[in-house]
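> take this sequence and fold it.
(chains A and B)
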Number of protein chains: 2
Amino acid sequence: MIVRGEAMENEINLQCPVPIQGHDRIQMGHGGGGKLSQQLIESIFVPLFSNAALLARHDGAVFEAGGQRIAFSTDSYVVRPLFFPGGNIGDLAVNGTVNDLAMCGARPLALSAGFIIEEGFPMESLKKVAETMSAAASRVGVPIVTGDTKVVDKGKGDGLYINTAGIGIVECGFTVDPSRMREGDSVIVSGDLGRHGVAILAVREGLQFETVIQTDCQPLWGVVQSLLKAGLEIHCLRDLTRGGLTAALNETAQTSGLSIHVEEAKIPLREDVKGACEMLGLDPLGVANEGRFILFLPAHQAEKAMEIMRRDSAGAGATMIGRVGKERPGLVTIQSLVGVERILDMPSGEQLPRIC
Amino acid sequence: MIVRGEAMENEINLQCPVPIQGHDRIQMGHGGGGKLSQQLIESIFVPLFSNAALLARHDGAVFEAGGQRIAFSTDSYVVRPLFFPGGNIGDLAVNGTVNDLAMCGARPLALSAGFIIEEGFPMESLKKVAETMSAAASRVGVPIVTGDTKVVDKGKGDGLYINTAGIGIVECGFTVDPSRMREGDSVIVSGDLGRHGVAILAVREGLQFETVIQTDCQPLWGVVQSLLKAGLEIHCLRDLTRGGLTAALNETAQTSGLSIHVEEAKIPLREDVKGACEMLGLDPLGVANEGRFILFLPAHQAEKAMEIMRRDSAGAGATMIGRVGKERPGLVTIQSLVGVERILDMPSGEQLPRIC
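The predicted structure follows:
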């Protein structure tokens, strides 16, 4: 049984640019990684910047240069607050871009770092963030080779914004992106969901839980590398950042033109995260993670993949949550805990502003 | 005769990290591209991110990957206002990064674009900027292959900040950076100075001149490519952005450990720019440009280089302004119009905030 929610009326067709309906000004939701972000990108940037790499709509671009396949990705980080349980903006800025490269199957080679600092920002805090970035980069073995520092007037920023871009090399012999997804593929998630978003929200809202929920921010290249080395036929990888699992499933379904079906009962969620989400009025499947990803590969390789993932702390909670089909092109369906099947629609993007 | 100004007491030694003397908070000058910016970078980022590419202290990093030399550079753009005579933040964001790659002798291959947009920013303005970026990228033939969009709350930004990063390929057989500079090299500037800074300042201060002074923002890869194709032995290239000619000369003198001597009478300046600078209390040599560079190469190739440059609109005003020596390692001297020789010290960075 399919229950189509109201939100489906606004379903967007990614094949052609859509107008930013009724929005003549930017709203917070345009940065939330959900439906509004998609509309913004598809209506303004994609038609103007159109090229093959961008149209792949993946976490990073992959292109050929001198016989090598180079991956290239960028993200700006505007998380609020800058420091939170288990990390700070510096971890996000390094791991976020490393992970976008990893999702292309690329070994990270070099990072850039651009700082936009608000006048009056404490030098000690800047140093702490830079130290964190240095440690995070060392952990993955990727140097920060170039950078830029800008300062904006007091009241024209929020302490610190960081942009990182990264270059990686795709060494495996195939492409890892949504175009490779196939009917029958298994969908595996690397661990329990929602910790990063809840860690941030708890600080913002001044909430205290029995245990402090820490961000899941971590680099994913190690576990991806193990999967590639094992010769598994990985079709697509996607990290579960803004918009969480829900956005990642919707984006990959739309880009591949296939349908994805998942079972809610199989999706790993910690009790404390579930409780916090209830208290905060959040859907945990739409909450951002910074160290989780989904993996699509042929069903007969799923067990082997999970076995490899579980040997790595970044894949310790690997679980098969669903499969790829072709019944409803571009749509994601979820079988709820009580057995009802419904469309899992793209989040609007408004529930969690400035989460990364 | 050498006249050492007061500023020399604060001379910094780039060979070892220096403390941010007396600054426990970020000031506007830390983003001005002058002495304070240098102190910030050398005291916080360089020691923590230390690696060979970063230590070359060039406009971009160059490193080997799979037998190729890759250049990588990034810049964030926080210019105020966003639209100004002759351009907008979109031209700066594309040409600025293209030019940083060109200064490494690299053919630009791909750009990333990261947008930090303030809630309430007009969609039409965003579209205009994106159109400008698309046109600027097409002009150089470089695709924008990947991007990111973040939105920050009203009052936590200033309309729009853009980061671009760029990848280029160094196809010439040698390195173009300050370490290649040699005693006796000629110093050539590509055209008249100060237009970009004056164009911005005039809008900010509401000044009107007889003619509207437009930004000099333009891509430099074309003229650099012509120089490389002609087989000239280019030692170093540096674009004259934040801190203008003065900062570029000081940085290259410090990094190379050589001295540079220039003659004020030879430095090309338009009368209207000179007049505007006098009115605004600015030293035109320290004002930012966005389409000008200096070139260091063996003296016997200087005439040939200028001949090639003058065939290109981006090098039409090519002029030899000085030479490299080794008398005063790390220092820049200038012979003034009245024949007095003095140290041309690094600007403090406070005169022109948010110029790019």
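> figure out the helix or strand that the closest residue to chain B within the stretch 251-356 of chain A lives in.
Distance from chain B to each residue of the stretch 251-356 of chain A (CB to the nearest CB) is smallest for residue A:354, at 6.6 Å. Every residue, glycine included, has its C-beta placed from N, CA and C. Following DSSP states H and E, one finds residue A:354 outside all helices and strands.
> and the gap between it and residue B:47?
Using CB to CB, to the nearest Å, one gets 30 Å for the distance from residue A:354 to residue B:47.
> wait, residue A:125 touches residue A:81, no?
No. Look at residue A:125 against residue A:81 with CB atoms under 8 Å: they stay out of range, at 10.9 Å.
> which of those two has more neighbours?
residue A:125 (18 against 13; other CB atoms under 10 Å in any protein chain shown).
> and what about the more buried one, helix, strand or coil?
Three-state assignment for residue A:125 (DSSP: H, G, I helix; E, B strand; the rest coil): helix.
> which ones are touching it?
Contact analysis of residue A:125 by CB atoms under 8 Å, 6 or more residues apart in numbering or on different chains lists A:82-83, A:159-160.
> rerun at 10 Å
With contact taken as CB atoms under 10 Å, 6 or more residues apart in numbering or on different chains, residue A:125 is in contact with A:82-83, A:88-89, A:117, A:159-160, B:25-26.
> buried subset of those residues as a ChimeraX selection?
Restricted to buried positions by 16 or more other CB atoms under 10 Å in any protein chain shown, the ChimeraX selection for the contacts of residue A:125 reads:
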select /A:82,88,89,117,159,160 /B:25,26
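> can you pull the poorly scored residue ranges out of the stretch 251-356 of chain A?
Residue ranges of the stretch 251-356 of chain A with pLDDT under 70: none are present.
> shared neighbours, residue A:125 and residue A:81?
Common neighbours of residue A:125 and residue A:81 (CB under 10 Å, 6+ apart) are A:88-89, A:159.
> which residues does residue A:251 contact?
Counted by CB under 10 Å, 6+ apart, residue A:251 has contacts A:14, A:33, A:38, A:57-59, A:178, A:238, A:243, A:332, A:346.
> residue A:277: neighbour count?
21.
> so it sits right up against residue A:209, yeah?
No. Counting by CB atoms under 10 Å, residue A:277 sits too far from residue A:209 to count as a contact (11.2 Å).
> who touches both of those two?
The contact sets of residue A:277 and residue A:209 overlap at residue A:198 (CB under 10 Å, 6+ apart).
> thinking again about what came up before, pLDDT score for the residue lying closest to the residue of the stretch 251-356 of chain A closest to chain B once chain neighbours are set aside?
Excluding its sequence neighbours, the residue lying closest to residue A:354 (CB to CB, 6 or more residues apart in numbering or on different chains) is residue A:80, at 4.6 Å. With respect to pLDDT, residue A:80 scores 97.
> next, count neighbours for residue A:80.
Using other CB under 10 Å, residue A:80 has 17 other residues around it.
> where's residue A:46, which helix or strand?
Using DSSP H and E, residue A:46 maps to helix A:46-49.
> so what secondary structure elements neighbour that helix?
Packing partners of helix A:46-49 (3 or more CB pairs under 10 Å, 6 or more residues apart in numbering or on different chains; DSSP states H and E): helix A:52-55, helix B:123-140, strand B:144-152.
> contacts only, for the residue in the stretch 51-200 of chain A that chain B sits nearest to.
Chain B sits closest to residue A:151 of the stretch 51-200 of chain A, with a gap of 2.9 Å, by CB to the nearest CB. Listed by CB under 10 Å, 6+ apart, the contact partners of residue A:151 are A:115-121, A:157, B:26-32, B:36-37, B:40, B:78, B:349, B:353-354.
> just the buried residues out of those, in ChimeraX syntax.
To isolate the buried members of these in ChimeraX, using 16+ other CB under 10 Å:
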select /A:115,116,117,118,119,121,157 /B:26,27,28,29,30,31,32,36,37,40,78,349,353,354
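> in helices, which of the contacts of residue A:151 fall?
If you go by DSSP state H, the contacts of residue A:151 have B:36-37, B:40 in helices.
> what is the nearest of those to residue A:103?
Proximity of these to residue A:103 (CB to CB) peaks at residue B:40, which lies at 33.0 Å.
> which residues touch the closest one?
By CB under 10 Å, 6+ apart, residue B:40 lies in contact with A:115, A:117, A:123, A:126, A:149, A:151, B:18, B:20, B:23, B:26-27, B:29-31, B:46, B:349.
> about what we covered before: now, the contacts of residue A:151 that are in strands?
A:115-118 (DSSP state E).
> near chain B, which residues of the stretch 201-350 of chain A show up?
Neighbours of chain B within the stretch 201-350 of chain A, by CB under 10 Å from any CB of the partner chain: A:242, A:349.
> ok, the residue nearest the centre of chain A to residue A:100 distance?
For chain A, the residue nearest the mean C-alpha position is residue A:241 (2.8 Å; CA atoms, centre = their mean). From residue A:241 across to residue A:100, the span is 9 Å (CB to CB).
> between these two, what contacts are shared?
With CB under 10 Å, 6+ apart, residue A:241 and residue A:100 have common neighbours A:59, A:75.
> pull the number of nearby residues for the nearest residue to residue A:316 once chain neighbours are set aside.
Leaving aside its chain neighbours, residue A:316 sits nearest to residue A:310 (5.7 Å; criterion: CB to CB, 6+ apart). Residue A:310 sits with 16 neighbouring residues when counted by other CB under 10 Å.
> now swap in residue A:167 and tell me
Residue A:167 has 28 nearby residues by other CB under 10 Å.
> ok, back up a step: quick one: residues contacting the residue nearest to the residue of the stretch 51-200 of chain A closest to chain B when sequence neighbours are not counted.
Closest residue to residue A:151 apart from its sequence neighbours, by CB to CB, 6+ apart: residue B:31 at 2.9 Å. Neighbouring residues of residue B:31 by CB under 10 Å, 6+ apart: A:115-117, A:119, A:148-152, B:37, B:40, B:76, B:78, B:242, B:349-350, B:353-356.
> again, 8 Å this time
Residues near residue B:31 by CB under 8 Å, 6+ apart: A:117, A:149-152, B:37, B:78, B:349, B:353-354.
> before we move on, what about residue A:146?
By CB under 8 Å, 6+ apart, the residues touching residue A:146 are A:110, A:112-113, B:53-54, B:60-61, B:72-74.
> what do you get for residue A:98?
A:108, A:111, A:136, A:140, A:142, A:166, A:219-221.
> between these, which is closest to residue B:254?
For the contacts of residue A:98, the nearest to residue B:254 is residue A:111 (25.3 Å; CB to CB).
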